[in-house]
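**Q** below are the sequence and a predicted model for it; my questions follow.
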Amino acid sequence: MTEKEKAAKGLLYNANYDKEIISDREKAKEILYHYNHLHPSKTEERQQIIRGLLKSAGKEFIIEPPFYCDYGYNIEIGENFFSNMNLVILDGAMVTIGSNVFIAPNVGIYTAGHPFDVQQRNEGLEYAYPVTIGDNVWIGAGVNILPGVNIGSNTVIGAGSVVSKDIPEGVLAVGNPCRVIRKITDEDKGKYKMA
């Protein structure tokens, strides 16, 4: 079994010394270097570059540079996706993001983790567990989403949260560790003034 196959099965795999995995990361870095250094007016070229990197993307999306990921081919984004600057996705496993998801600056989505055992860690072993984010989710600034987490649709994750466990749909969740504060209700429609 290859190291990539081990990663896909959620087993410990060698991410630091396997030539195929290193080559895939280097390829992604080169693509992202080009992407992150394009003139802001080159929006069509930016979209083409990202489409070539990601597993799939909706028709309309915006990923503000700089954007960083490990591989790209383990990332799916839905329609009307928006991420602000400094999104980092460590995609050793699949990261599936639904439609109408808004991500604030400085967010990290991490599928990768390392064993507690020093010897295994020093051998370059890690694990990768998939992350899934539903539709209509807003993720606030500086949020960190850890391996294996699922975030339900229509949910808001408050700024600075560390999401280490699944969050259900239709709730406001915040904190470290991130926890559900309350359901989002119709009363939230009147929270902000409109012109």
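**A** Yep, that arrived.

**Q** pull the longest helix from the protein.
**A** The longest helix of the chain (DSSP state H) is helix 19-36.

**Q** on the three-state scheme, Val180 is what?
**A** Of the three states, Val180 takes strand according to DSSP: H, G, I helix; E, B strand; the rest coil.

**Q** hmm, back to that, got the contact list for the longest helix of the chain?
**A** Outside helix 19-36, the residues within contact range by C-beta atoms under 8 Å, 6 or more residues apart in numbering are 2-4, 7, 13-16, 46, 49-50, 52-53, 65-73. Where C-beta positions appear, they are placed from N, C-alpha and C, glycine not excepted.

**Q** would you mark the buried spots in stretch 13-21?
**A** Tyr13, Ala15, Asp18, Ile21 (16 or more other C-beta atoms under 10 Å).

**Q** these two touch, right, the third one and Met1?
**A** No: in this structure, Asp18 sits apart from Met1 without contact. The criterion is C-beta atoms under 8 Å, and the distance is 11.8 Å.

**Q** who's in contact with Asn106?
**A** Under the criterion of C-beta under 8 Å, 6+ apart, the contact list for Asn106 reads Met85, Asn86, Ala141, Gly142.

**Q** would you reformat these as CSV and include distance to Val107, pLDDT and secondary structure?
**A** Below are the contacts of Asn106 laid out as CSV (distance: C-beta to C-beta, whole Å; pLDDT from 0 to 100; DSSP: H, G, I helix; E, B strand; the rest coil):
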residue, distance to Val107, pLDDT, secondary structure
Met85, 10, 97, coil
Asn86, 8, 98, coil
Ala141, 7, 98, coil
Gly142, 7, 98, coil
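
**Q** could you flag which of the residues you listed are buried?
**A** Asn86, Gly142.

**Q** beta partners for the residue nearest the centre of the chain?
**A** The residue lying closest to the centre of the chain (C-alpha atoms, centre = their mean) is Ile109, at 3.7 Å. Following DSSP bridges, Ile109 is listed with bridge partners Ile89, Ile145.

**Q** so for it, what's the pLDDT?
**A** Note on Ile109: pLDDT of 98.

**Q** 86 is where my numbering starts, stick with that
**A** That works, and once the first residue is 86, the last one we named lands at Ile194.

**Q** what's near enough to touch it?
**A** By C-beta under 8 Å, 6+ apart, Ile194 lies in contact with Leu172, Val173, Ile174, Leu175, Asp176, Val180, Val216, Ile218, Ile230.

**Q** just give me the neighbour total for the closest residue to Gln205 other than its chain neighbours.
**A** Among residues not flanking Gln205 along the chain, Leu97 sits closest, at 6.7 Å (C-beta to C-beta, 6 or more residues apart in numbering). Around Leu97 there are 18 other residues, counting by other C-beta atoms under 10 Å.

**Q** what about Leu97, distance to Ile242?
**A** Noted for Leu97: a distance of 29 Å to Ile242, by C-beta to C-beta, to the nearest Å.

**Q** picking up where we left off before, quick one: buried residues of the longest helix of the chain?
**A** Buried positions in helix 104-121, judged by neighbour count with 16+ other C-beta under 10 Å: Ile106, Asp109, Arg110, Ala113, Ile116, Leu117, Tyr120.
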